[in-house]
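1. What follows is a predicted protein model with its sequence.
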Amino acid sequence: MMSCNLDNIKVVLVDLSGTLHIDKIAVPGSQAALQRLRVAGLKVRFVTNTTKESKGFLLNRLNKLGFAIEGSEIFSSLTAARQLIEKKKCNPILLLENEALEDFKGIPAKEGQPNCVVIGQHRQCLPTRS
């Protein structure tokens, strides 16, 4: 096992899919490892590039798997997209699964033409083979 000095560590960024869980199954030992990080007094944040579901859907699944995680601890690619849309005052077209649209609630529809497109995993928009 690797040993290192954690005195200068400010935060631990943990990827979710494949690290803590695979679909609806917790990776063996991941809850205990997360608990050890927290007991050590380290700030833990979770990152993911999933676009198939909102942070709320993901959080619910992780909590059901026994992870004590709060929504404010998760940063996703959808979170980043929303922040950019708000900062740049964009009028987006959202090509996302219904489960992901929750992360964009409250973004007001603007008059005029859309000026950006957010594309994530969206079964109806992705081309299929014939």
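-> Happy to help now that I have it.
2. Let's see the pLDDT reported for the residue nearest in space to the middle of the chain.
-> Computing the C-alpha centroid of the chain and ranking residues by C-alpha atoms, centre = their mean puts residue 76 first, at 3.0 Å. You'll see residue 76 listed with a pLDDT of 97.
3. in the host helix or strand of residue 84, what's buried?
-> Take DSSP states H and E as the rule and residue 84 turns out to sit in helix 77-88. Applying a neighbour-count criterion of 16 or more other C-beta atoms under 10 Å, one finds 77-78, 81-82, 85 buried in helix 77-88. The C-beta positions use only the backbone N, C-alpha and C, and glycine is treated the same way.
4. who touches the helix or strand just after it?
-> The helix or strand immediately downstream of helix 77-88 is strand 92-95, counting by DSSP H and E. Applying C-beta atoms under 8 Å, 6 or more residues apart in numbering, the contact partners of strand 92-95 are 85, 101, 104, 107, 114-120, 122, 125.
5. Can you give the distance of the helix holding residue 84 from its chain's centre?
-> Offset of helix 77-88 from its chain centre (C-alpha atoms, centre = their mean, to the nearest Å): 13 Å.
6. helices or strands next to that helix in the packing?
-> Judged by 3 or more C-beta pairs under 8 Å, 6 or more residues apart in numbering; DSSP states H and E, the packing partners of helix 77-88 are strand 116-119.
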